[in-house]
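Engineer: missing the sequence, but the structure's below:
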């Protein structure tokens, strides 16, 4: 069943998009063709500025019902609505490269939820747009859920916000032990000197340990401002890197074999102090209040403003294949 947050469809014709404005921020805008022969890529090329304006208003656009949707059309659609491809930096979860700059969406156990996050928000640059295409929807579950980062911010009390503005987030990542990625995979090099140079350029403290393992520590801001709209956004990886985001049984299992400092990734206040449980619960609740869902259909293309909207994935059963692409890094 589709969520009520998927509002009125926007109908397209060959020349101009004739649409009804969806109500509030935080909703998804659905665009469907009025005729089966409308070329999605051609239309997107002609109406790129209009699509961009819609994206900056709503944060999420779902294109549904275009007969020629395919992985190659998906690739062309991204190119038609973007300036340049964005790299997937410092990966924290597995993906498979399909072709060019198209990847599978995060390959995470089907029985677990992928918590809401903004792609690469823990890095010093990130894609401003992220796209998904449904090749095969799951038998059940597997919804992409999303939340407007402008609205999340409004649910966080000012004293808590002030604390994060002043102290920031501290991220700690361990590479090469337990379930963690190797540093060679994350930094795409076998050279320690290259890793050290990258860390220095990106404000990371690094420590080499035994068995060729690596730990990095770095602080990042909790709030960013959208480069086009100027709006304040809750934009960070604090919750998604914190053990509180893991399923309890997974978290307990990991902590049986490793200390809290040895987990693949973790987050703290910028001064190293742990985040109080009540603050973590408050942040979870702020996300929960703004979470919206929709069910995938084969051929769907989802276009997200990666700064305005956080996204995730619900557990699912059956085969599921969603492709992903990222573009237009900020800062350039």
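Structural biologist: Structure received. Computed from a prediction, not measured in an experiment: that's the story for all the values here. Numbers count the residues shown, from 1 in each chain.

Engineer: Could you find the closest non-adjacent residue to residue 213?
Structural biologist: residue 176 (4.0 Å; CB to CB, 6 or more residues apart in numbering). (Glycine included, C-beta is placed from N, CA and C.)

Engineer: neighbours of the one you found, just the number please.
Structural biologist: Residue 176: 18 surrounding residues under other CB atoms under 10 Å.

Engineer: same deal with residue 28?
Structural biologist: 22.

Engineer: That one and residue 60 touch, don't they?
Structural biologist: Yes: with contact defined as CB atoms under 8 Å, residue 28 counts as touching residue 60 (4.4 Å).

Engineer: anything in contact with each of those two?
Structural biologist: Overlap of the contact sets of residue 28 and residue 60 (by CB atoms under 8 Å, 6 or more residues apart in numbering) consists of residue 146.

Engineer: quick one, what contacts the residue nearest to residue 213?
Structural biologist: Residue 176 makes contacts with 182, 183, 211, 212, 213, 214, as judged by CB under 8 Å, 6+ apart.

Engineer: Over to residue 329?
Structural biologist: So residue 329 contacts 84, 86, 87, 125, 126, 127, 128 (CB under 8 Å, 6+ apart).

Engineer: For the helix or strand harbouring residue 171, which outside residues touch it?
Structural biologist: Per DSSP states H and E: residue 171 is located in strand 169-175. Strand 169-175 is contacted by residues 92, 122, 180-183, 186, 213-222, 236-238, 241, 261-272 when judged by CB under 8 Å, 6+ apart.

Engineer: Kindly write the PyMOL command that selects the buried subset of those residues.
Structural biologist: The following PyMOL line selects those of the contacts of strand 169-175 that are buried, judged by 16 or more other CB atoms under 10 Å:
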select buried, resi 92+122+180+181+183+186+213+214+215+216+217+218+219+220+222+236+237+238+241+262+263+264+265+266+267+268+269+270
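
Engineer: In strands, which of the contacts of strand 169-175 appear?
Structural biologist: Among the contacts of strand 169-175, the members found in strands (DSSP state E) are 213-220, 265-269.

Engineer: Just send those back as CSV, with distance to residue 277 and pLDDT too.
Structural biologist: Shown next, in CSV, are the ones in strands among the contacts of strand 169-175 (distance: CB to CB, whole Å; pLDDT from 0 to 100):
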residue, distance to residue 277, pLDDT
213, 29, 95
214, 29, 96
215, 25, 96
216, 26, 97
217, 22, 97
218, 24, 98
219, 22, 98
220, 22, 98
265, 19, 92
266, 15, 95
267, 14, 97
268, 13, 98
269, 13, 98
